[in-house]
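Asks: Just to be clear, the model below is a prediction. Sequence and coordinates:
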Amino acid sequence: MLKELDEALVTYVRPGSFPLAVRLVKEGEEISERTRYPHRDLNTQVAICQTFSIARRYGWQMAVGKEDINCPLALTAFGFKEEIETFSCGEMCAGMFTETKTAGARTEAQVPKFSFRDYKYILTAPISRADFVPHLYLVYGNSAQVMRMLAACLYKTGGYLTSRFSARLDCADICIETMRNGKPQIILPCYGDRVFGQTQDDEMAITFPAGMEADLIAGLEGTHIGGIRYPVPSFLRYTPQYPKHYYRLFEDWEKKEKPGHEG
């Protein structure tokens, strides 16, 4: 099913980077030897959004755990480190994303979170190259491509898709919110994703939980047949309008073509 899903995304969406499969790995689960770890293999630590960018731009299979991640906010949200008062009091938000610690505490309380030590690694790879069973899929694209995938998501059920947004910790929206709700999510790249993941201003993303692969493929095919395409076709069957003085040519041609006219 992974091959069919990747082929459908490439055919109907044409994303500019690899669509990703993502799995949250528990203690004791095996990870294949070909997987790269930033701390062990690259001699660096990363943000989680940066991990997704490496995977989708380099085509690598990546795993990150607490030794690989140096973003303290992400370490907290993903349960790699315990949530402590320094985080929950709003201090990390205040003066940057919120005016006060009280407002910041309200933001931190709404960040999607895993419990402490629920998972050991975040594992990701291009869908076409993943050798694991995903929990979810992540696809970056422009707004028209995300709209195209949104239409496919709603093809079977109809209705609307509801997503939550803030300007930070989109990695939690990508993984935790999608797994918690079991529904697709529109992802607005956060400030960190743009700085460290180098996600561009013309990019956003969408996630799909595992289990809806067949419906998504059917949605991409069905909406294509129905006329929803990417690239979005321009309507070009109209008569252009020109500066008024251009039309003198038509008037003069008409005079010239009249019987008895001497040029």
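Replies: Done, it's in.
Asks: okay, CA-based contacts and neighbour counts for the rest of this
Replies: Fine.
Asks: Pull out the buried positions in stretch 52-71.
Replies: 52-56, 59-69, 71 (16 or more other CA atoms under 10 Å).
Asks: Look up how far Thr107 lies from Leu216.
Replies: Distance, Leu216 to Thr107, by CA to CA, to the nearest Å: 32 Å.
Asks: more neighbours, these two?
Replies: Neighbours per residue (other CA atoms under 10 Å) separate Leu216 from Thr107, with Leu216 holding more: 23 against 18.
Asks: For the more buried one, give me its contacts.
Replies: For Leu216, the contact set (CA atoms under 8 Å, 6 or more residues apart in numbering) comprises 5, 152-153.
Asks: Met149 too?
Replies: 13, 206, 220.
Asks: just Ile69 next, same as before
Replies: With contact taken as CA under 8 Å, 6+ apart, Ile69 is in contact with 45-48, 75.
Asks: quick check, nearest of those residues to Tyr238?
Replies: Taking CA to CA as the measure, Tyr238 sits nearest to Ile48 out of these, at 48.2 Å.
Asks: if I pick that closest one, what's in contact with it?
Replies: With contacts defined as CA under 8 Å, 6+ apart, the neighbours of Ile48 are 64, 69, 71, 74, 171.
Asks: try Ala218
Replies: Taking CA under 8 Å, 6+ apart as the definition of contact, the neighbours of Ala218 are Ala152.
Asks: and the host helix or strand of it, which residues are buried?
Replies: Counting by DSSP states H and E, the element that carries Ala218 is helix 213-226. Residues 213, 215-224 are the ones in helix 213-226 that count as buried (16+ other CA under 10 Å).
Asks: can you map out the helices along the stretch 1-150 of the chain?
Replies: With DSSP state H, counting those that start in this stretch applied, the stretch 1-150 of the chain shows helices at 2-12, 48-58, 72-77, 85-88, 101-110, 143-153, listed in chain order.
Asks: With just CA atoms, put the fifth one into PDB.
Replies: To tie it back to what came earlier, the one meant is helix 101-110. Listed next in PDB are the C-alpha coordinates belonging to helix 101-110 (Å, rounded to 0.1, in the frame of the first residue of the first chain):
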ATOM      1  CA  LYS A 101       3.500  34.300  31.400                       C
ATOM      2  CA  THR A 102      -0.200  33.800  32.100                       C
ATOM      3  CA  ALA A 103      -0.900  33.900  28.400                       C
ATOM      4  CA  GLY A 104       2.100  31.700  27.700                       C
ATOM      5  CA  ALA A 105       0.900  29.200  30.300                       C
ATOM      6  CA  ARG A 106      -2.400  29.000  28.400                       C
ATOM      7  CA  THR A 107      -0.500  28.300  25.200                       C
ATOM      8  CA  GLU A 108       1.700  25.600  26.800                       C
ATOM      9  CA  ALA A 109      -1.400  23.900  28.300                       C
ATOM     10  CA  GLN A 110      -2.800  23.500  24.800                       C
END
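Asks: who's in contact with that helix?
Replies: By CA under 8 Å, 6+ apart, the residues outside helix 101-110 that reach it are 87-94, 97-98.
Asks: Give the buried subset of those as a ChimeraX selection command.
Replies: Here is the ChimeraX command that picks out the buried ones among the contacts of helix 101-110, judged by 16+ other CA under 10 Å:
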select :87,88,89,90,91,92,93,94,98
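Asks: nearest to Glu254, of the contacts of helix 101-110?
Replies: Nearest to Glu254 among those: Phe97, at 67.6 Å, using CA to CA.
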